[in-house]
Structure formats: structure tokens, C-alpha cells
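Chemist: Mind folding the following:
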Amino acid sequence: MRFQAAVLRSYEDPFAVEEVALRTEPAAGELLVEIAGCGMCRTDLAVRRSAGSSPLPAVLGHEGSGVVVRSGGGPDNAISVGDHVVLSFDSCGHCQNCRGAAPAYCDSFASLNLFGGRGEGAPRLTDADGRALAPRWFGQSSFAEYALVSARNAVRVDTKLPVEMLGPLGCGFLTGAGAVLNTFSAGPGDSLVVLGAGAVGLAAVMAATAAGAPTVAVDRHPRRLALAERFGAIPLLAGTAGLAERIRRLTDGGARYALDTTASAPLVNEGLRALRPTGSLGLVARLHDPLPLEPGTLDRGRSIRHICEGDAVPGLLIPLLTRLWQAGRFPFDQLIRTYPLTDINEAERDCEAGRVVKPVLLPAGRSR
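Modeler: Numbers count the residues shown, from 1 in each chain. Model prediction:
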């Protein structure tokens, strides 16, 4: 089976949209999905800054959504041909954390999502000349017209929803909303500060507003702060003198929770200082450098932890977020700008420059 996909051949080169070949049918527990749309996440773009961490050439993309066109069946596969699905991260399903409803902490998370995927013999995805391409980025590799995925990381959604827009619910929006709703279990009166108003941070703001939790958003881009304010947050410009003290005043003595999406050590320390006693800060951005914590930031019961994929069970959180969207309480579509898959390099430039919060790539000319 041949179709178009965006291939990253080196860490420095642009994406190349070219013909690729899928050389296998779905096995038991697998699905072939015709991709309707795929969000571009900063984790995709971070591959360029992590030379050697992911094999190239590869097809990236891990916020896919679309329609199931073939199924390999299997006893645990309840998804059928014709179903609309959102694709999320992969997990093994049988380790202690997966059995404990914590698939984001799967013992095999790195191997399944970052370093080549599930074990296979002959390459299943190749370029037009038969050279192997690294498949299964986050269990999907969905910068393409089709993706072969595990049924475990596909979530069925209502066919009345605009499936091409739903892909970011599988990672970026899931991460921000999940941190608020799952990790913090924020509710009415629980104050929150969100550091960084990108896709993850703004999803956190929307989820906090839906949960009744008053929120302060901090960012260096006025346009993104304006979005945060539209979604219910009090905006504060990063770098403002006395930032932590201002947050404490706005949150009646300190925020109960803080979510950092920036990996900026100065902002993390400001966020910790802005917490009330026993408050907690969650980190979702990957740290590339040591994180120096200033004296006093962890006093009085304050805590800090890393949050992966919003502590989410995708099959539970994604339907909740679609219901909130239908009720007008999680307007994630206002963050999206669509691009043809052929314009993937323009989408990357716009994302890196902050001109768009969430690019979504739409494959053109899809055919079976």
C-alpha cells in the first residue's frame, strides 16, 4: 500500500512529503487509520534538538485522528472499520503501571513511543525505494495519509464531531487538561498558576475554568496572554518585577497548584514561591539542563513532580474533553490553524515563531 507521508531524513533538513509504502496488513490488535488531521506538537519538533535519540529517517506525528479503514481484529479490539478515532500514546497494557490505570508511566513507554516502537522483523514502512523508515512514533507516525496503530492507543469518538480537528486531544491538550483534572483534581476555589501559555498551558487554563478553579497565566507573549484571558485566566507578563508576590496577592495568599510548561528555571522558582503552604508544582516540559531550586522554594510542605501525558487514561479523558467542547466549556478549536500536509515546513516555522498555537496538518487527496 502506497501513500504520501512527511519524512524527516536528517536532524537539519526540512520535512519531505514523499511516497512511502506500508508492507504489512494490520495484525490482531492493530488498526489501519486513514488520517483526517494531525496536530504538530513541540515533541515532534524537539527531535531536531535531540540528535541520536530517535532513529532517522522517520515519519513523525503523534496527534493523529481519522477513520478506521481496516482492522486486524483480536479479542481486545473493540474498534471497527468505519469508526472515528483519536490516536494517543502507546503502552503495553500489562505492566504494573498499565494495570494500575497509569499507562503514561508504562514500563515500556520509551521503547514504544520514542525509540522505534514494538518489535518487528522486516520493515513495515519504507520509502519508495524500499529503504526502511522508523515507524510508530508514539505508536502512530501520523504525519501521513495513513497510520498503522495499536488498537490500545486509539479512542473511538462520535462520528458527528469534526474528526480532522480532534488529534491534539491525544497529546498536547490532553496533557494540559489532564494535569488540572487528573493530577491536581482541581475544583471550585482551587487556585492555579500556569507558567507558559502555549498549547499545553492554554488547555490547562480551559480545563481549570471548566472546573471552577481561578487561574493566573504567565507568558512573555502578549497575544497568548490575551488568549488565556479570553479563556478565563488573569494574565501576567513573564519578567514582571515581584512576579511571585503578585501571584500570591491574586490568589488570596498563594496558589494551591502551579503547572510549568516552559522548563525555565527562573519561572519554576517563581512558581514555587507563589504557592501556598503544602502547594504543589507540576512539570510537563522535558528538562535538558539541571534545575537549580532556590533556598526556601520547597519550604512549608511545598512539592514538585513531573507529569507525563496529564496522568491520563486516554479512553476516559478524551471523551470527557469532547463533551466539554460540545458544551462550550473547552474551546480548543480556537487554538487551531490548519495546513495541508504539503505545507508542513511552513507549519513548523509558524509554530516555532509563535505565530500559531496548534498547527493541524490535513492530508490531501486521500484515497484507499
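Chemist: what's near enough to touch residue 155?
Modeler: With C-beta atoms under 8 Å, 6 or more residues apart in numbering as the criterion, the residues that contact residue 155 are 85-88, 170, 314-315, 318-319. Any C-beta I mention is one placed from the backbone N, CA and C, and that applies to glycine too.
Chemist: list the helices and strands the lowest-mean-pLDDT helix or strand in the chain packs on?
Modeler: Least confident helix or strand of the chain, by mean pLDDT, DSSP states H and E, is helix 42-46 with a mean of 86. If you count contacts as 3 or more C-beta pairs under 8 Å, 6 or more residues apart in numbering; DSSP states H and E, helix 42-46 packs onto helix 344-352.
Chemist: quick one: strands adjacent to the helix or strand that comes right after the helix it packs on?
Modeler: Counting by DSSP states H and E, the next helix or strand C-terminal to helix 344-352 is strand 358-362. With DSSP bridges as the test, strand 358-362 is paired with strand 30-39 (antiparallel), strand 336-340 (parallel).
Chemist: buried ones in the last one?
Modeler: In terms of neighbour count (16 or more other C-beta atoms under 10 Å), strand 336-340 has its buried residues at 336, 339.
Chemist: Please save the CA atoms from that strand in CSV.
Modeler: The C-alpha coordinates for strand 336-340 follow below in CSV (Å, rounded to 0.1, in the frame of the first residue of the first chain):
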residue,chain,number,x,y,z
ILE,A,336,-6.0,25.5,15.9
ARG,A,337,-4.8,26.7,12.4
THR,A,338,-5.0,24.1,9.6
TYR,A,339,-2.4,23.5,6.9
PRO,A,340,-2.2,21.0,4.1
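Chemist: can you list the residues that contact it?
Modeler: 37, 39, 164-165, 168, 346-347, 350, 356-362, 364.
Chemist: Run the angle between it and helix 344-352 for me.
Modeler: Orientation check (axes from the mean of the first three to the mean of the last three C-alpha atoms, to 10 degrees): strand 336-340 against helix 344-352 gives 160 degrees.
Chemist: taking the mean pLDDT, what do you get for strand 336-340?
Modeler: Per-residue pLDDT over strand 336-340 has a mean of 97.
Chemist: low-scoring stretches of the stretch 101-250 of the chain, by residue?
Modeler: The model of the stretch 101-250 of the chain has pLDDT under 70 over residues 115-122.
Chemist: go with 80
Modeler: Scanning the stretch 101-250 of the chain for pLDDT under 80 picks out the ranges 115-123, 135.
Chemist: Not counting its neighbours along the chain, what's nearest residue 125?
Modeler: Excluding the flanking residues, the one nearest residue 125 by C-beta to C-beta, 6 or more residues apart in numbering is residue 135, at 4.1 Å.
Chemist: Run a quick neighbour tally on the one you found.
Modeler: Counted by other C-beta atoms under 10 Å, the residues lying close to residue 135 total 24.
Chemist: could you dump the contacts of residue 155 to TSV with neighbour count and secondary structure?
Modeler: Shown next, in TSV, are those (neighbours: other C-beta atoms under 10 Å; DSSP: H, G, I helix; E, B strand; the rest coil):
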residue	neighbour count	secondary structure
85	26	strand
86	29	strand
87	32	strand
88	32	coil
170	33	helix
314	25	helix
315	15	helix
318	25	helix
319	16	helix
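Chemist: and the closest residue to residue 63 other than its chain neighbours, what is it in contact with?
Modeler: Spatial nearest neighbour of residue 63, chain neighbours left out: residue 39 (3.2 Å); criterion: C-beta to C-beta, 6+ apart. Counting by C-beta under 8 Å, 6+ apart, residue 39 touches 63, 167-168, 170-172, 336, 358-361.
Chemist: partners of residue 39 in the sheet?
Modeler: On the basis of DSSP bridges, residue 39 is bridged to residue 360.
Chemist: Tell me the pLDDT of it.
Modeler: pLDDT, residue 39: 97.
Chemist: Same check on residue 296?
Modeler: Looking at residue 296, its pLDDT stands at 91.
Chemist: what about residue 244, is that helix, strand or coil?
Modeler: Three-state call for residue 244 (DSSP: H, G, I helix; E, B strand; the rest coil): helix.
Chemist: same question, the one 4 residues further on
Modeler: Taken by three-state DSSP, the conformation at residue 248 corresponds to helix.
Chemist: list the contacts for it?
Modeler: Residue 248 sits next to 254-255, 274, 276 when contact means C-beta under 8 Å, 6+ apart.
Chemist: in what helix or strand does residue 62 lie?
Modeler: Here residue 62 is assigned to no helix or strand, by DSSP H and E.
Chemist: Could you measure from it over to residue 40?
Modeler: From residue 62 over to residue 40 the distance is 10 Å, taken as C-beta to C-beta, to the nearest Å.
Chemist: And residue 281, by the same measure?
Modeler: Computed as C-beta to C-beta, the residue 281 to residue 40 distance reads 27 Å.
Chemist: First residue to last residue on stretch 181-197, what's the distance there?
Modeler: Criterion C-alpha to C-alpha, to the nearest Å; first-to-last residue distance in stretch 181-197 is 17 Å.
Chemist: the helices in the stretch 201-350 of the chain, which residues?
Modeler: Per DSSP state H, counting those that start in this stretch, the stretch 201-350 of the chain carries helices over the ranges 222-230, 243-250, 265-273, 314-326, 344-352.
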